[in-house]
Structures are given as C-alpha cells and as structure tokens.
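Asker: Build the 3D model from these lines:
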Amino acid sequence: QGQEDRPLLTLHCNSVVIWFTELPQDSTGKRRTRTEFYAEGHVRMVRGKDRFGGDRMVFDLTNETGFILGARLSTVTRMSKQRIVPLFLRAKRFHILSRKGYEAKGVSITTCAFSNPIYRIAASSIEIQRVGSSVHLTSRNNSLWVGPVPIAFWPYLHARSGDTSYIKKFRVGRSNRYGT
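Answerer: Okay, here's the model as predicted:
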C-alpha cells in the first residue's frame, strides 16, 4: 500500500494473520476485496500521524476500522503557545471507528511515562472525534488517582483541543449519598 518511501500503514508485531475476502462487484462492475489482519505480541501500527500499540489487534484495512486489546498510545498536546505536553493513554479495549473517530473502555491517561504512573486520570469510557482541525474528547466516570488512592471523581467531561483549562468551575461539598 502507498509508495515504498511513504507507506500508508506500517505494522510491527510478533505474529500476524492477513486474509482477503472477495466482495460483490460494485455498480461499475469492478471487483472488490476486503483486507483484514489479526496481529499479536508487542503490536505497533503507524497509519499517517496515528500511532497505536497493544497486546493484540484486529484491523480492517478496507473500512479502516478495528480494535486493540491492551492498548497503549502516546501523543502530545499543546497546553499553551509555549507548552507542549506528552500524553500517554492506556485502555483495556480501544476501538478505531474511522480515521476521525475512536472509542476506548477502561482508560487511564497521564503525562507520566512510567508503566505504573504516579498520577493518572481514569475513565470508564472515552470518545474521541476529529472535527476539522479540532479534536473533541468526551469521557465518563472519571477519577483522579495519585498512586493507589482516588482523589476526586466527576461523572462527565467534554474538552476540545485548544482548551487551556478543562475544569471551568470547581465546587466543594458534602453528601451522604455514598455514605460519607
């Protein structure tokens, strides 16, 4: 795929199975084939600017969809004009819905590169959508952890790339809803 010096996709792993499925002809009579692969063992895939890694991966090259088990992803984000911050995302299951849409379950996000980060934000699910040059992130059941201790919880978060402050309003209170 692509050109030799600029491939559309690069895959590194311990083992891979690739299969081709003949599809019905399209309206012009052209033959179509779906190409898919299953990879396992230290899987790393690069597709354009996207870099994915994990334990196991299934990917459909024709529809550009797939999922990764034990996902590990890294990227950078701009916090201000002068400050670029690395982000490390880990997820039990990471779905590639399209070139512009992703969904993850059992997520941990941190700026700490350690395998057991000192601090992290955990979420039960995250949805990432690219809209033009902007990235929208929505997460649910979020908690801030320092070491093994949860510090704060908030049920819903929505942010866009370029946001400099993700917490717009903060309020301290008490409730006996959870036994406190």
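Asker: okay, CA-based contacts and neighbour counts for the rest of this
Answerer: OK.
Asker: Check what pLDDT the closest residue to residue 45 other than its chain neighbours gets.
Answerer: Beyond its immediate neighbours in the sequence, the residue positioned closest to residue 45 (Cα to Cα, 6 or more residues apart in numbering) is residue 11, lying 4.5 Å away. Note for residue 11: predicted pLDDT of 91.
Asker: Now residue 11: phi and psi?
Answerer: phi -130, psi 130 (degrees, to the nearest 10).
Asker: So what's the residue count around it?
Answerer: Look at residue 11: counted by other Cα atoms under 10 Å, it has 13 neighbours.
Asker: okay but it is in contact with residue 41, surely?
Answerer: No: if you go by Cα atoms under 8 Å, residue 11 and residue 41 don't touch, sitting 11.6 Å apart.
Asker: residues contacting residue 106?
Answerer: Residues near residue 106 by Cα atoms under 8 Å, 6 or more residues apart in numbering: 91-93, 122-125.
Asker: For this structure, which strand extends over the most residues?
Answerer: If you go by DSSP state E, the chain has its longest strand at strand 32-47.
Asker: Can I get it in PDB, CA atoms only?
Answerer: Extracted C-alpha coordinates of strand 32-47, given in PDB (Å, rounded to 0.1, in the frame of the first residue of the first chain):
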ATOM      1  CA  ARG A  32     -13.600  -5.500  -4.700                       C
ATOM      2  CA  THR A  33     -11.600  -7.200  -1.900                       C
ATOM      3  CA  ARG A  34     -11.600  -6.600   1.800                       C
ATOM      4  CA  THR A  35      -8.200  -6.900   3.500                       C
ATOM      5  CA  GLU A  36      -8.100  -7.600   7.300                       C
ATOM      6  CA  PHE A  37      -5.400  -8.700   9.700                       C
ATOM      7  CA  TYR A  38      -5.000 -10.100  13.200                       C
ATOM      8  CA  ALA A  39      -1.800  -9.300  15.000                       C
ATOM      9  CA  GLU A  40      -0.500 -10.200  18.400                       C
ATOM     10  CA  GLY A  41       2.600  -9.800  20.500                       C
ATOM     11  CA  HIS A  42       4.000  -6.200  21.000                       C
ATOM     12  CA  VAL A  43       1.800  -4.800  18.300                       C
ATOM     13  CA  ARG A  44       2.700  -1.400  16.900                       C
ATOM     14  CA  MET A  45       0.900   0.200  14.000                       C
ATOM     15  CA  VAL A  46       1.600   3.500  12.300                       C
ATOM     16  CA  ARG A  47      -1.000   5.000  10.000                       C
END
